[in-house]
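K.L.:
Make a model of this:
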Amino acid sequence: MTALKKYPVLAALVLGALFMVLPFVVVLMNAVKSPEEYSSDGPLSLPDSVYLDGLADFWERVDFGEKLWNSVLISGSVAVLAVVLSVFSAYAIGIGRIKGRPWVLAFFVLANMLPQETLVYPIYYLSKEAGLYDTRLSVIIVFTVIQSAFGTYLLSSVLSGFPREIIEAARIDGATKWQVLWRVVVPVSRPTIGVLMVLFFIWTWNEFLLPLVMLVSDDVQTVSVALGVLQGQRDMDATMTNAAALLGVLPAIAFFLLFQRTLTRGIAVGAVK
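P.N.:
Numbering: from 1, shown residues only. I've put the predicted structure just below:
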């Protein structure tokens, strides 16, 4: 306590961490309680024993394995494709120095500011016309474009300060524009690209509105859509709701922890620059 009083910034960080971890702990405790124990002891009591029937019932009811695969496939595809598209666009804008660069960047900023509610009907109509409605491909295409708008803006800002001497040296050695991109620019920008890939995966995993509108069949729905649809049903007890929330958030946390070094390295490199 003395150390926390002496260092108020440290105290704020500790309190912030506790506030972020506490909801997850409460969900975890209630996910392994029986409905009777939850009703008698309340949501903040420690479980007397581990009750896994809620997790098993939710897994079987929504076919969670299939929903998990859909989310991993969509989020992973969007992360990879959006990063590739962002690299191409940012290379042209940041290093290629195209005409009207400020207006192009302003367009990408505006695209990031648009709420998804304004995109629902146009995307729904276009996907119907293209025959892509209710397919995973439609969601992958939509979120690849949405995420690459942010990625292009960020990478363009990074590449605009890229040392021109390195590029000129590569060109003197006979490197083409394609070789400059993949053998010079991408390796140097790898930490930033890694951060974008992690963010794109997590952001796409947590998306709800557009997948809810675009994926109506049960066999193509994502984890977030399955959670939202199931929670609207009246036969869900409190323990199963917490079990559903726990299963829904665990893959995203695992992915974040798996690529935590990539995220930290990218932020550190950006701070040094």
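
K.L.:
Domain boundaries for this protein, per the record?
P.N.:
Domains of the chain are assigned by automatic domain parsing as 6-51, 63-272.

K.L.:
mind putting those in CSV, mean neighbour count and distance to Asp57 included?
P.N.:
In short, each C-beta sits where N, CA and C put it, glycine included. As requested, those are arranged in CSV below (neighbours: other CB atoms under 10 Å; distance: least, CB to CB, whole Å):
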stretch, mean neighbour count, distance to Asp57
domain 6-51, 13, 11
domain 63-272, 17, 6
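
K.L.:
Can you flag the weakest of the ones you listed by average pLDDT?
P.N.:
Least confident of the domains of the chain, judged by mean pLDDT, is domain 6-51 with a mean of 79.

K.L.:
Any idea how far that one is from the middle of the chain?
P.N.:
24 Å (CA atoms, centre = their mean, to the nearest Å).

K.L.:
Where do the helices of the stretch 51-200 of the chain begin and end?
P.N.:
53-62, 64-90, 101-113, 120-130, 136-159, 164-172, 177-180, 186-188, 190-205 (DSSP state H, counting those that start in this stretch).

K.L.:
Quick one: closest of these to Val21.
P.N.:
Comparing these against Val21 with CB to CB, the closest turns out to be helix 190-205 (17.5 Å).

K.L.:
Can you give the contact residues for the following helix or strand past that closest one?
P.N.:
Past helix 190-205, further along toward the C-terminus, the next helix or strand under DSSP states H and E is helix 209-214. The contact list for helix 209-214, computed with CB atoms under 8 Å, 6 or more residues apart in numbering, reads 74, 116-117, 119-120, 123-124, 127, 133-134, 138-139, 142-143, 221-222, 224-225, 228.

K.L.:
how much space between Val195 and Ile166?
P.N.:
The gap separating Val195 from Ile166 is 21 Å, by CB to CB, to the nearest Å.

K.L.:
Revised request: answer the last question for Lys67.
P.N.:
46 Å.

K.L.:
Check Ser40 too.
P.N.:
Ser40 is 68 Å from Ile166, by CB to CB.
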